[in-house]
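> give me a 3D structure for the following:
(chains A and B)
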Amino acid sequence: MSATPCLHLNHFEAHTETQTLFNNINISLAGGSLLHIQGPNGSGKSTLLRMIAGLKPHQGTVFWQDSTQKTVNIESELFYFSHQLAIKLGLTVQENIRHLQSLHGGHSENLSSILEILGLHSKRNTLAEALSQGQQQSLALAPLLWGTQKLWLLDEPFVALDSKAKRWLSQLLNRHLAQKGWVILASHEKIEYLEHPIEPLFLGALDA
Amino acid sequence: MLKQFKILLEHELKIHYRHGAEWLTPLVFYWLVVSLFPFALSSTQSILRQSAAGIIWIALLLSLLMSLPRLFQSDLKDGSLAQYCLRTSSLMPYISAKLLSYAVLYIIPCLLLTPLLALLFYLPAHSIFILLLTLCLGSPILLLIGSLGAALTLKARESSALLALVIFPLYIPVLILALNCVNLAEQNLPIGALLAYLAAYCCVAIALIPLALKSILKIGVT
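You can find the predicted model right below:
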């Protein structure tokens, strides 16, 4: 029997010294869905994403079952983006892209088409430290263009982007969701240009 | 993996090169410390000759200690260390590239400068050769042990002081081995056994410490 692949997040909880941020989060996401984590500052959105990525100790479990109900390890299948952009300010745009390509793997599109999409063609030999915040952020998101990761964890990906960059990011999200990938996204903003349904998750309703 | 190692190494060196004088500071420190001693101690040949190896070794050790706290710090801050830890397969190329770039930038220039500095201490050519040999075998150990300390103190607030406390006891055996080697050579006694010990220590460190680093960094990031 074949079923659609499904991503499971079980038993996630986080506490600060004085309060419970979130408790007993259990979610199942079918392939092709986007989970939009919302909540005020300090409600644990980034914490939850870091936990799912495995960058913060947690008691929860993350796994997905493919179409044959086999459990797949997510480690090599996730892309994590946060405000720590992980680009090298001392390297040029072009060198950074080469670095990201070797790190995130996947088939490489050619460099100039990547630069074209990012809008950084004229700045290919500029050091990343000379770019604006939004341009640096586009650069850090570039692996989404060629990566083959199934699960995207994006922490406030739209914040510094201009409307053009927002549009290409949304197009990428659409493409990824159409290919039955998963996106878990924390954002204050409303997500625009999205053709797929959004599953909301509100944090911050709990108080100790 | 090898390709990734090459790219990372190239980028690591480029970043240091573009940051200008940062990599020169430990080298200048090493040069200053070693060359000030002959003025401060005495101009008696025998005293200088006896203390030369110790002074040079300690100066190298201290200059390395200046740069070590920065080893993983910038990658932790800009988030790239987390990315390497998320892709387990890229962690080893990263660690090797990082260590090799540090050896190239901070150790090899010091070693190249050493024969010149040794002349200030009236060291004969034979002793200079043995001293260089022990430095070549010993400095990788210093770097590797130091990197272990840097990874362990990754998120500590007073990381430099803590780092020194963690790694100094581990440096002492290396110092003893290397300096005994030089002393014995001065007296024309056989040094094969001590050199072999040092070489074995070096090989074990190169083989095992990167593996330990891999797990420590993963823990450090989470």
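> going by C-alpha atoms from here, please, whenever you check contacts or count neighbours.
Noted.
> buried stuff in the helix or strand B:A118 falls within?
Here B:A118, judged by DSSP states H and E, is contained in helix B:108-119. Neighbour-count burial for helix B:108-119, counted by 16 or more other Cα atoms under 10 Å in any protein chain shown, picks out B:C110, B:L111, B:T114, B:P115, B:L117, B:A118.
> check contacts around the fourth one.
Listed by Cα atoms under 8 Å, 6 or more residues apart in numbering or on different chains, the contact set of B:P115 reads B:I128, B:L132.
> can you check the last one too?
Contact criterion Cα under 8 Å, 6+ apart gives B:A52, B:I128 as the residues in contact with B:A118.
> ok, now the second one?
Going by Cα under 8 Å, 6+ apart, B:L111 touches B:L132, B:L135, B:C136.
> avg pLDDT for the helix or strand encompassing the last one?
Taking DSSP H and E as the definition, B:C136 sits inside helix B:125-152. Within the predicted structure, the mean pLDDT of helix B:125-152 is 95.
> residues near A:G204, how many?
16 (other Cα atoms under 10 Å in any protein chain shown).
> mind checking the SS state of the residue nearest to it when sequence neighbours are not counted?
Excluding its sequence neighbours, the residue lying closest to A:G204 (Cα to Cα, 6 or more residues apart in numbering or on different chains) is A:S43, at 4.7 Å. Secondary structure assignment for A:S43 (DSSP: H, G, I helix; E, B strand; the rest coil): coil.
> doesn't A:L201 make contact with A:S43?
No - contact criterion Cα atoms under 8 Å: A:S43 and A:L201 do not qualify, at 11.7 Å.
> neighbour count: the two, which is higher?
A:S43 (19 against 15).
> ok, A:H104 to chain B distance?
Distance, A:H104 to chain B, using Cα to the nearest Cα, to the nearest Å: 8 Å.
> what sits against that residue?
A:H104 makes contact with A:P143, A:G147, B:R87 under the criterion Cα under 8 Å, 6+ apart.
> go again with 10 Å.
A:76-79, A:143-144, A:146-149, B:83-84, B:87, B:90 (Cα atoms under 10 Å, 6 or more residues apart in numbering or on different chains).
> need phi/psi at it.
Backbone torsions of A:H104, given as degrees, to the nearest 10, read phi -100, psi -10.
> quick check: the gap between it and A:A186.
Going from A:H104 to A:A186 by Cα to Cα, to the nearest Å gives 22 Å.
> mind checking how far A:Q135 is from A:L115?
11 Å.
> once you drop chain neighbours, what's closest to A:G105?
Spatial nearest neighbour of A:G105, excluding adjacent residues (Cα to Cα, 6+ apart): A:G147 at 6.4 Å.
> ok, the one you found - how many residues close by?
Neighbours of A:G147 (other Cα under 10 Å): 19.
> if we can go back for a sec, let's have the contacts of A:H104 in TSV, adding distance to B:L211.
Output for those, formatted as TSV (distance: Cα to Cα, whole Å):
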residue	distance to B:L211
A:S76	20
A:E77	23
A:L78	24
A:F79	25
A:P143	28
A:L144	30
A:W146	31
A:G147	28
A:T148	28
A:Q149	26
B:Q83	18
B:Y84	15
B:R87	15
B:S90	13
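> out of those residues, list just those in helices.
A:P143, A:L144, A:W146, B:Q83, B:Y84, B:S90 (DSSP state H).
> would you format the residues you listed as a markdown table with neighbour count, distance to B:P210 and pLDDT included?
Formatted as a markdown table, those follow (neighbours: other Cα atoms under 10 Å in any protein chain shown; distance: Cα to Cα, whole Å; pLDDT from 0 to 100):
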| residue | neighbour count | distance to B:P210 | pLDDT |
| --- | --- | --- | --- |
| A:P143 | 21 | 28 | 91 |
| A:L144 | 18 | 30 | 92 |
| A:W146 | 16 | 31 | 88 |
| B:Q83 | 22 | 18 | 92 |
| B:Y84 | 22 | 14 | 92 |
| B:S90 | 19 | 13 | 87 |
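> report the buried residues of the helix ranked longest in chain B.
Using DSSP H, we find that the single longest helix of chain B is helix B:192-221. The neighbour-count check on helix B:192-221 (16+ other Cα under 10 Å) flags B:194-195, B:198-199, B:201-202, B:205-206, B:210, B:213-214, B:216-218, B:220-221 as buried.
> which among the contacts of A:H104 gets closest to A:L173?
Among those, A:L144 lies closest to A:L173 (Cα to Cα), at 9.0 Å.
> where's the closest residue to the closest one other than its chain neighbours relative to A:G147, distance?
The shortest distance from A:L144 to any non-neighbouring residue, by Cα to Cα, 6+ apart, is to A:L172 (7.4 Å). Distance of A:L172 to A:G147, given as Cα to Cα: 11 Å.
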